[in-house]
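A.B. asks: below: sequence and its predicted model.
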Amino acid sequence: MASSKVKQIGILTGGGDCPGLNAVIRGVTKPALDMGLNVLGIFDGFEGLVEGRARELYNKDVSGILSRGGTILGSSNKGDPFHWPEEVDGKIRIVDRSKDAMKNYAAWKIDAMIAIGGDGTMHISDQMSKLGMNIIGVPKTIDNDLEATDQTFGHDSAVAVVSDALDRLHTTASSHHRVMVIEVMGRYAGWIALNGGLAGGADIILIPEIPFDWDAVYEKVIRRNMSGKRFSLVCVAEGAKPRNGKIIAKANDLKRTDPVQLGGVGEYVAKMISDNTGLETRYTVLGHLQRGGSPTAYDRILATKFGTNAIQLAVKKQFGRMVALKGSEIRSVRIEDAISRQKLVKPKDQAVLAAKAVGVSFGVENL
Ligand code: F6P
């Protein structure tokens, strides 16, 4: 293989779906077919590689999918070959099935594998690369929590949904003089809450990186009420927690690559505000609406740039690398380096400073 040309491309989408995945698949497949390469679409992420589920992709498969949400290949956040859940007598046992993944990779004669996914997928890709798989990573996640790239596709679309939801909640908040709490996704990073909250005019933004004080939250809504603005919008990241408090999870599912399923903080924050201020409060959990539907124009463009650059890396045999946005350029970084650091919101980030400057509270006295 060392001197031979790349002919057979494998492509898979792993982890949670997000807007822009199909745009990447198209961005990889169209140029690959134009270059006379074969593209094998693997179903349901690494799960399909372990279980041997794939089919060849043709131009007709990727035509008209640019604006379509989800992924035509299917995805899974339970298919980690190194951490494969097997149910025996009603109990979950974790086994290593990376050999099966490598076996199918060899049987399908894949010269270059393009893995589109978030943190979990990049960790698996790194381990696969160390087993000898020729792999290229493409970073996706609505959470935008990968340090190695300035932005992941999917984030902009999720932020647009949050912003739109806040606009809608605004009208009920002001008509009924209520506190409206919205819980948004993002796992352990506050980017969706921060950017969505900023775009949608939230009065309070609570994020995991800045543990909040209850008193500061109550004070903000009461002060707004007393000043004549008889409503407040509170945007809470699912991973947000009070100072000295814990993250709230709704389930622990051992079958998932990351077993912790976050959720519930929005309801908790709404109850605490209502109990401690006497103000009428409601909460909304935006959930998977943030991951659904058509990608924004920004995400379509970023995803297309990522896909077309990934196939170039594959042809040049730049394996073990992940495409990344640096400023306005698409570059590549070693997957190994990409997974070593999570990108979290810093209290001095420009978006935090801008939010503070327009009066947003992060639920702390002095930030
Ligand atoms: O990582 C993307 C994400 O949407 C997170 O923001 C969220 O915590 C998680 O996935 C939800 O996962 P699931 O769809 O498996 O419930």
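C.D. replies: Perfect, I can see it now.
A.B. asks: nearest residue to the residue of the stretch 1-150 of the chain found nearest the ligand other than its sequence neighbours?
C.D. replies: Among the residues of the stretch 1-150 of the chain, residue 16 lies closest to the ligand, at 4.0 Å counting by C-beta to the nearest ligand atom. C-beta here means a position set from N, CA and C on the backbone, and glycine is covered the same way. What sits nearest to residue 16 in space, not counting adjacent residues and going by C-beta to C-beta, 6 or more residues apart in numbering, is residue 77, at 5.9 Å.
A.B. asks: for that neighbour, what are its contacts?
C.D. replies: If a contact means C-beta atoms under 8 Å, 6 or more residues apart in numbering, then residue 77 has 14-16, 45, 120, 256-258 as its contacts.
A.B. asks: lowest-confidence entry in the residues you listed?
C.D. replies: Taken together, these show their lowest pLDDT at residue 257, with 74.
A.B. asks: contacts (any at all) between the ligand and the longest helix along the chain?
C.D. replies: For the chain, the longest helix by residue count, based on DSSP state H, is helix 155-176. No: taking C-beta under 6 Å from any ligand atom as the criterion, helix 155-176 and the ligand are apart, separated by no less than 8.0 Å.
A.B. asks: could you dump the helix or strand that that helix is followed by to PDB, C-alpha only?
C.D. replies: Taking DSSP states H and E as the definition, the helix or strand that follows helix 155-176 towards the C-terminus is strand 179-184. Coordinates of the C-alpha atoms in strand 179-184 are reproduced here as PDB (Å, rounded to 0.1, in the frame of the first residue of the first chain):
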ATOM      1  CA  VAL A 179     -39.600  34.100  34.100                       C
ATOM      2  CA  MET A 180     -39.000  31.800  31.200                       C
ATOM      3  CA  VAL A 181     -36.200  29.300  31.600                       C
ATOM      4  CA  ILE A 182     -34.800  27.400  28.500                       C
ATOM      5  CA  GLU A 183     -32.500  24.400  28.900                       C
ATOM      6  CA  VAL A 184     -30.100  23.900  26.000                       C
END
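A.B. asks: and the angle for strand 179-184 with helix 155-176?
C.D. replies: Calculated by axes from the mean of the first three to the mean of the last three C-alpha atoms, to 10 degrees, strand 179-184 forms an angle of 160 degrees with helix 155-176.
A.B. asks: for the helix or strand just after strand 179-184, packing partners?
C.D. replies: Towards the C-terminus, the helix or strand next in line after strand 179-184, according to DSSP H and E, is helix 191-199. Using 3 or more C-beta pairs under 8 Å, 6 or more residues apart in numbering; DSSP states H and E as the contact test, the elements touching helix 191-199 are helix 155-176, strand 179-184, strand 204-206, strand 232-237, helix 350-357.
A.B. asks: distance from helix 191-199 to the middle of the chain?
C.D. replies: Helix 191-199 has its average C-alpha position 14 Å from the chain's average C-alpha position, going by C-alpha atoms, centre = their mean, to the nearest Å.
A.B. asks: that one vs strand 232-237, what angle?
C.D. replies: Put simply, helix 191-199 runs at 160 degrees to strand 232-237, going by the same axes, to 10 degrees.
A.B. asks: ok, back up a step: residue 314 is nearest to which of the helices and strands packed on helix 191-199?
C.D. replies: helix 155-176 (24.6 Å; C-beta to C-beta).
A.B. asks: buried set for the closest one?
C.D. replies: Judged by neighbour count (16 or more other C-beta atoms under 10 Å), helix 155-176 contains these buried residues: 155-163, 165-166, 169-170, 173.
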